[in-house]
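Undergrad: this is a predicted model, with the sequence first.
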Amino acid sequence: MRVAVLMSTYNGEKYIGEQINSILYQEDVTVDLYVRDDGSTDKTGEILREYKDRIKTVWGDNVGVGASFMWLVYNVPMDYDYYAFSDQDDIWLSEKLLKAIKRIESVERLNTPVLYGSNQVLISAQGEEIGVRFEHTPNISYKQIMCQNKITGCTMVWNRQLQTFLKEEKRRPSIKLLYNRMHDVWVAMAAVTIGKIVYDDIGYIHYRQHENNVVGVKKANLLKQWMEKILNPSIRNGRSMLCKEIYQCFNDLIYDSDLKKDLECYGFYHESKESKNRLIHDRSLIQITGEHTFFFLVKVKLGLF
């Protein structure tokens, strides 16, 4: 099996060599590693050049993590069997890709887009194991992905069928959304909308926790999030923006009528009193957000959903 691994780098000199080696020595698969450097200012470039005969590197301006990863999605060749995201600071176990491919093959049907995600073994900055990301199988429903995605990008592997749709120009998210919701949320939401997601409770990746993580394991401060959204319009309406763009980009491929109605309601709630009323009475959604009903109501009224 041929796999294209997509990595966006930014000032990753400290750990990137170890990660690249763990990707290049995957068992029983042929791997091509595509790297887009997002304007690093440290020695990341020098390290990448040491691998110039073994990886494919593109040097770009700093556009942010989401847009950088999606640039790779759009530009990688379509002649691979599977595709995967990689962070710059983790360590992959040697069977990571092979395990993912076997799980995808177990549910794969003709022309079915399939996305694989898994748990992660947490390690310290020094590489010591400190636990696992999820003690129990996380919720991977579209409502959960919309509110707080649990399928981490660095564990994602997907088939060519899903890649075909992700790559199509008419199905690409806006740069504004990628700034707000990032690449892995978009890919997970697309997969659950038009295909299938398989989740592995076993983690085949050592997920490093350190002070420079772009996204890591951390507890959300709801009050802080509210203040950030009130003060910064560019990060408001992330959930509704996600649903709106998924609905617009994949409407012709969504065959679940209930899902389609939900996406339309959530994405365009501010345009209809009926949709807004339906949203604030969606008990299952409120439960997933973990927010008190009153505060959820206020958020919708203020246009922060």
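TA: Arrived safely. Numbers count the residues shown, from 1 in each chain.

Undergrad: and stretch 279-297, how far apart are its ends?
TA: Start to finish, the residues bounding stretch 279-297 are 9 Å apart (Cα to Cα, to the nearest Å).

Undergrad: give the buried residues for it.
TA: Within stretch 279-297, the residues that count as buried by 16 or more other Cβ atoms under 10 Å are 279-280, 282, 285-286, 288-289, 291, 296. For the C-beta atoms, the positions are set from N, CA and C on the backbone; glycine is no exception.

Undergrad: from Ile104, how far off is the residue lying closest to Gly64 once chain neighbours are set aside?
TA: Leaving aside its sequence neighbours, Gly64 sits nearest to Tyr179 (Cβ to Cβ, 6 or more residues apart in numbering; 5.9 Å). Per Cβ to Cβ, to the nearest Å, Tyr179 is found 30 Å from Ile104.

Undergrad: which of the buried residues of stretch 279-297 has the weakest pLDDT?
TA: pLDDT across the buried residues of stretch 279-297 is lowest for Glu291, at 87.

Undergrad: so that one sits against Val298, correct?
TA: No - counting by Cβ atoms under 8 Å, Glu291 does not reach Val298; the two are 9.4 Å apart.

Undergrad: returning to what we had before: just flag the most distant two among the buried residues of stretch 279-297.
TA: Farthest-apart pair in those is Ile280 and Ile288; separation 14.3 Å (Cβ to Cβ).

Undergrad: for the longest helix anywhere in the chain, give the mean pLDDT please.
TA: What stands out as the longest helix in the chain, according to DSSP state H, is helix 175-194. Averaging pLDDT along helix 175-194 gives 96.

Undergrad: got it, and stretch 58-73?
TA: 97.

Undergrad: how about stretch 35-43?
TA: Stretch 35-43 comes out at a mean pLDDT of 97.

Undergrad: what about Tyr199, which SS state?
TA: strand (DSSP: H, G, I helix; E, B strand; the rest coil).

Undergrad: gap between it and Ala67?
TA: Separation of Tyr199 from Ala67 (Cβ to Cβ) stands at 26 Å.

Undergrad: higher neighbour count, these two?
TA: Ala67 (21 against 18; other Cβ atoms under 10 Å).

Undergrad: now do the contacts for the closest residue to the more buried one other than its chain neighbours.
TA: Distances taken as Cβ to Cβ, 6+ apart place Leu178 nearest to Ala67, at 4.9 Å, with adjacent residues excluded. Contacts for Leu178 (Cβ atoms under 8 Å, 6 or more residues apart in numbering) come out as 64, 66-67, 70, 186.

Undergrad: nearest to Phe305, of the residues you listed?
TA: Trp186 (17.9 Å).

Undergrad: that closest one reaches Leu177, doesn't it?
TA: Yes - contact criterion Cβ under 8 Å: Trp186 and Leu177 qualify, at 7.1 Å.

Undergrad: so which of the two has more stuff around it?
TA: Between Trp186 and Leu177, counted using other Cβ under 10 Å, Trp186 has the larger neighbour count: 26 against 21.

Undergrad: where does the closest residue to the more buried one other than its chain neighbours land in three-state SS?
TA: Spatial nearest neighbour of Trp186, excluding adjacent residues (Cβ to Cβ, 6+ apart): Pro173 at 5.0 Å. At Pro173 the chain is in coil, as set by three-state DSSP.

Undergrad: stretch 120-131: how far from the chain's middle?
TA: 21 Å (Cα atoms, centre = their mean, to the nearest Å).

Undergrad: tell me the mean pLDDT over it?
TA: 92.

Undergrad: how about the CA coordinates for that stretch, as CSV?
TA: In CSV, the C-alpha atoms belonging to stretch 120-131 read as follows (Å, rounded to 0.1, in the frame of the first residue of the first chain):
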residue,chain,number,x,y,z
GLN,A,120,-2.9,8.5,21.6
VAL,A,121,-0.3,7.6,24.2
LEU,A,122,0.6,10.8,25.9
ILE,A,123,4.3,11.5,26.5
SER,A,124,6.2,14.3,28.2
ALA,A,125,8.5,16.6,26.5
GLN,A,126,11.3,14.2,27.5
GLY,A,127,9.5,11.2,25.9
GLU,A,128,8.2,9.6,29.1
GLU,A,129,4.7,8.0,28.9
ILE,A,130,2.2,9.8,31.1
GLY,A,131,-1.1,8.1,30.2
